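Colleague: pasting a predicted model and its sequence here:
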Amino acid sequence: MKNYILSILVSLLVINTVLAKDVSLVVKRFDSDKYITIVVDADEVEIIIESEIYQSVEKDIWVKSPTPVIKKRKTKSIPITAQKSKSKSSSNTQNSDVQVPNDPDFEFQYYFKDKYVHQGSNEILKAVAKSVQNKKLRIAVIDGGFEDHEDMEWAYGYNFFDHWGEVRGPEFRDLTDEQKACTGGHGLGVASIIGAKFNNGIGISGIVDAEMIALRALSCGIGPLSGVADAINHAAGEEVDGIPAIAQVDMINISMGGELDHCPSYLQEAIDNANEKGILIFVAAGNQNVDANGVVPAQCDGIFVTGATEQNGYKTTFSNYGSKVDAMAAGMDIIGYASNGVTGWWEGTSQASPLALGIAALGLQHNPELTRDELFTYLKATAESIREDVPSADQDCSGERCGSGLLNADTFMDYVVASTNGGIYQLRHALSSESNCDQTLFLSELGNTLPLCQMYEFLVADGEGINENSYQLFRVVKGESIIEENAEFLLTSDERTVLLDGIDLGSYDYGVKICLNDACDSTPIIKIESDDAILPLSCQ
């Protein structure tokens, strides 16, 4: 098989519509909770905006991806050999050989390898070995450039692009030579990183066995964000413009973006709707080497934004950066499928984002009870610092430029495994681990000096790297959402076990916030497991 490099630094540009006679607006009437798209003459825009009929009027923003450049690969890759797991995890894969899949192009997937071989690896292979499929996930890719491939199976697809004579409908694939030439199979490439079959002797290895759903919002790399919003709502199980609803997905990847100084309300509301249903949305940071705060949808709220690193662990020169970036993943020389049966190397945050999603998917399929907040927090908590000996200013990752750092799938799965074994963070009575005889002895000897029956302990589960971050404890009145606005701060600590008094489980729920690099403002409050916080018989 010939391998090519797809040098696709997919920086999506906002199309200038100022000179167009007709203007597309996304509007919401006061008597409706749905957005619709209307086309008006440019002279009518101000009239529509000032109208008392609409509560929201915004221009429909179009984005564009450049035509792919395909070059023959000249460098040689180092094949991967069977490797010994060096994980210190308590999972059952400790000290066992991690078997390499028989997919012939797996040898080029450096981001699966151990970090001592490639510092820019996300160590995915060991994470795959630790993940048990307790749920088959449904994963949607919103993109363009979808095609069939022998190593990919589409569970469902739908086209949301309805311009230039195209209509919305179940045919989501690019079928013409012209369409294939201008997209390069971008959507297929993104989806293959996540869901190509693993260990079937064909092509590359995907990360997770999932039901892959293709939602086409771009044609020839171009499309309006209103179509993206509709695709998100459809993925969330909503009925959109008469299109029958589908079973909601678990995760969504959106590898696109354009320069804009705000997140359009119609897009943000679609994201919010998906978040309320527990759907995890992953978005590419963009490839202009600018602050992602000026890029949409990366600047929207409620998503996980991923920037790109290269094989040696440095930020790529093209990756966007800034406070909106949550973490980094490999985004150079990422092997995936492309148009017309080509297997090639892609470059861009478009590829880093599905890698991040795939890592999270390993955790979610292992423990489907994990919430969006928990998964996003564990991804950040287990990320590793980006190299500081940068070759150029464009690769600077100081401060918050690269989020929490380079994702490590292996350590992330340590957190997930711990979450299935009683929880990473637990609240229990201080005497609950003792026998009845010991409880009676402690009470008789110390009960007059220590309020043992009123004492509880907060514990951090055992596991490599799990207690390296400090944390804050909070409580929230039962029945209220566990968010910072409702929370009462209790303490900050970095100890694995902390004794607490004044615990009132009848009136409050308790939560923990992980502090990343001693900063506690970038993660949500996670509810603490309290199943073992039962008052011992000796205290009743």
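Modeller: Looks like it came in fine.

Colleague: for Lys478, what are its contacts?
Modeller: By Cβ atoms under 8 Å, 6 or more residues apart in numbering, Lys478 lies in contact with Gly506, Ser507, Tyr508, Asp509. No exception for glycine: its C-beta is placed from N, CA and C like everyone else's.

Colleague: between the residues you listed, which sits nearest Tyr116?
Modeller: Closest approach between the contacts of Lys478 and Tyr116, by Cβ to Cβ: Asp509, at 42.4 Å.

Colleague: the closest one contacts Ile482, doesn't it?
Modeller: Yes: counting by Cβ atoms under 8 Å, Asp509 touches Ile482, with 6.1 Å between them.

Colleague: who touches both of these two?
Modeller: What both Asp509 and Ile482 touch, as defined by Cβ under 8 Å, 6+ apart, is the set Val476, Lys527.

Colleague: what is the rounded mean pLDDT of the helix ranked longest in the chain?
Modeller: Ranked by number of residues, the top helix in the chain under DSSP state H is helix 349-366. For helix 349-366, mean pLDDT is 97.

Colleague: so which bits of it are buried?
Modeller: 349-366 (16 or more other Cβ atoms under 10 Å).

Colleague: got the residue ranges for the strands in the stretch 201-350 of the chain?
Modeller: 211-216, 222-224, 251-254, 258-259, 280-284, 295-296, 304-309, 327-330, 334-337, 343-346 (DSSP state E, counting those that start in this stretch).

Colleague: with mean neighbour count, distance to Gln395 and mean pLDDT as added columns, please give those strands in a markdown table.
Modeller: Output for the strands of the stretch 201-350 of the chain, formatted as a markdown table (neighbours: other Cβ atoms under 10 Å; distance: least, Cβ to Cβ, whole Å; pLDDT from 0 to 100):
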| stretch | mean neighbour count | distance to Gln395 | mean pLDDT |
| --- | --- | --- | --- |
| strand 211-216 | 25 | 33 | 98 |
| strand 222-224 | 23 | 30 | 91 |
| strand 251-254 | 27 | 25 | 98 |
| strand 258-259 | 19 | 21 | 87 |
| strand 280-284 | 29 | 18 | 97 |
| strand 295-296 | 28 | 19 | 94 |
| strand 304-309 | 30 | 9 | 97 |
| strand 327-330 | 30 | 11 | 98 |
| strand 334-337 | 27 | 18 | 93 |
| strand 343-346 | 25 | 19 | 90 |
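
Colleague: could you point out where this protein is predicted with low confidence?
Modeller: Counting by pLDDT under 70, the ranges of the chain that qualify are 1-20, 64-97, 422, 431-452, 463-465, 467, 532, 535-540.

Colleague: quick one: which helix or strand includes Val141?
Modeller: strand 138-143 (DSSP states H and E).

Colleague: that strand pairs with which strands, and in what direction?
Modeller: strand 211-216 (parallel), strand 251-254 (parallel) (DSSP bridges).

Colleague: just the CA trace of the longest one, in PDB.
Modeller: Read it as strand 211-216. C-alpha atoms of strand 211-216 as PDB (Å, rounded to 0.1, in the frame of the first residue of the first chain):
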ATOM      1  CA  GLU A 211     -21.100   2.700  16.800                       C
ATOM      2  CA  MET A 212     -19.800   5.400  14.500                       C
ATOM      3  CA  ILE A 213     -22.200   8.000  13.200                       C
ATOM      4  CA  ALA A 214     -21.400  10.400  10.400                       C
ATOM      5  CA  LEU A 215     -23.200  13.700  10.400                       C
ATOM      6  CA  ARG A 216     -22.300  15.700   7.300                       C
END
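
Colleague: number the residues from 52 up from this point.
Modeller: In the new numbering, first residue 52, that becomes strand 262-267.

Colleague: other residues contacting that strand?
Modeller: 187-195, 197, 203-212, 223-224, 238, 242, 245-246, 282, 285-286, 297, 300.

Colleague: what does the last one give?
Modeller: Contacts of strand 302-305 with the rest of the structure, by Cβ under 8 Å, 6+ apart, involve 188-194, 241-242, 245, 279, 283, 286, 325, 330-335, 348, 354, 404-405, 408, 411-412, 415.

Colleague: separation between Asp228 and Phe197?
Modeller: Asp228 sits 15 Å away from Phe197, going by Cβ to Cβ, to the nearest Å.

Colleague: what about the helices in the stretch 402-551 of the chain?
Modeller: Taking DSSP state H, counting those that start in this stretch to define them, one finds helices in the stretch 402-551 of the chain at 423-432, 460-471, 487-497.

Colleague: which parts of the second one are buried?
Modeller: Neighbour-count burial for helix 460-471, counted by 16+ other Cβ under 10 Å, picks out Ala460, Asp461, Thr462, Phe463, Met464, Asp465, Tyr466, Val467, Val468, Ala469, Ser470.

Colleague: pretty sure the third one sits against Lys431.
Modeller: No: using Cβ under 8 Å, Thr462 is not in contact with Lys431; the gap is 11.5 Å.

Colleague: sorry, back to before: now the buried members of the contacts of strand 262-267.
Modeller: 188-195, 197, 203, 205-212, 223-224, 238, 242, 245-246, 282, 285-286, 297, 300.

Colleague: render the CA-only coordinates of stretch 295-310 in CSV, please.
Modeller: Written as CSV, here are the backbone C-alpha positions of stretch 295-310 (Å, rounded to 0.1, in the frame of the first residue of the first chain):
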residue,chain,number,x,y,z
PRO,A,295,-36.8,11.5,12.7
ALA,A,296,-35.1,11.5,16.1
ILE,A,297,-32.3,8.9,16.7
ALA,A,298,-31.1,7.4,19.9
GLN,A,299,-28.8,10.0,21.4
VAL,A,300,-25.1,9.5,21.1
ASP,A,301,-22.6,9.4,24.0
MET,A,302,-19.9,11.6,22.4
ILE,A,303,-19.4,14.1,19.5
ASN,A,304,-16.3,15.2,17.7
ILE,A,305,-16.2,18.5,15.8
SER,A,306,-12.9,19.1,14.0
MET,A,307,-13.7,22.5,12.4
GLY,A,308,-13.6,26.1,13.3
GLY,A,309,-13.4,29.7,12.1
GLU,A,310,-12.4,33.1,13.4
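
Colleague: ok, the residue nearest to Gln402 when sequence neighbours are not counted - contacts?
Modeller: With sequence-adjacent residues excluded and distances taken as Cβ to Cβ, 6 or more residues apart in numbering, Gln402 is closest to Ile385, at 3.9 Å. Residues near Ile385 by Cβ under 8 Å, 6+ apart: Tyr162, Ile244, Trp396, Trp397, Glu398, Gln402, Ala403, Leu406.

Colleague: for Ile385, list each beta-bridge partner.
Modeller: As assigned using DSSP bridges, the partners bridged with Ile385 are Trp397.

Colleague: which residues of the stretch 252-401 of the chain fall in helices?
Modeller: 276-286, 316-327, 400-417.

Colleague: let me see the domain layout of this protein.
Modeller: As given by automatic domain parsing, the domain ranges for the chain are 133-470, 475-590.

Colleague: quick one: the last one to chain centroid distance?
Modeller: Spelled out, that is domain 475-590. Centroid separation for domain 475-590 versus its chain: 29 Å, with Cα atoms, centre = their mean, to the nearest Å.

Colleague: next one: the first one
Modeller: Centre-to-centre, domain 133-470 and its host chain are 7 Å apart (Cα atoms, centre = their mean).

Colleague: hmm, back to that, got the strands of the stretch 252-401 of the chain as a markdown table, with distance to Val78 columns?
Modeller: Output for the strands of the stretch 252-401 of the chain, formatted as a markdown table (distance: least, Cβ to Cβ, whole Å):
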| stretch | distance to Val78 |
| --- | --- |
| strand 262-267 | 23 |
| strand 273-275 | 14 |
| strand 302-305 | 23 |
| strand 309-310 | 21 |
| strand 331-335 | 24 |
| strand 346-347 | 19 |
| strand 355-360 | 28 |
| strand 378-381 | 36 |
| strand 385-388 | 38 |
| strand 394-397 | 37 |
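
Colleague: closest to Leu421 out of these?
Modeller: Using Cβ to Cβ, the nearest of the strands of the stretch 252-401 of the chain to Leu421 is strand 331-335, at 9.9 Å.

Colleague: pull up the pairing partners for the closest one, direction included.
Modeller: Counting by DSSP bridges, the strands paired with strand 331-335 are strand 302-305 (parallel), strand 355-360 (parallel).
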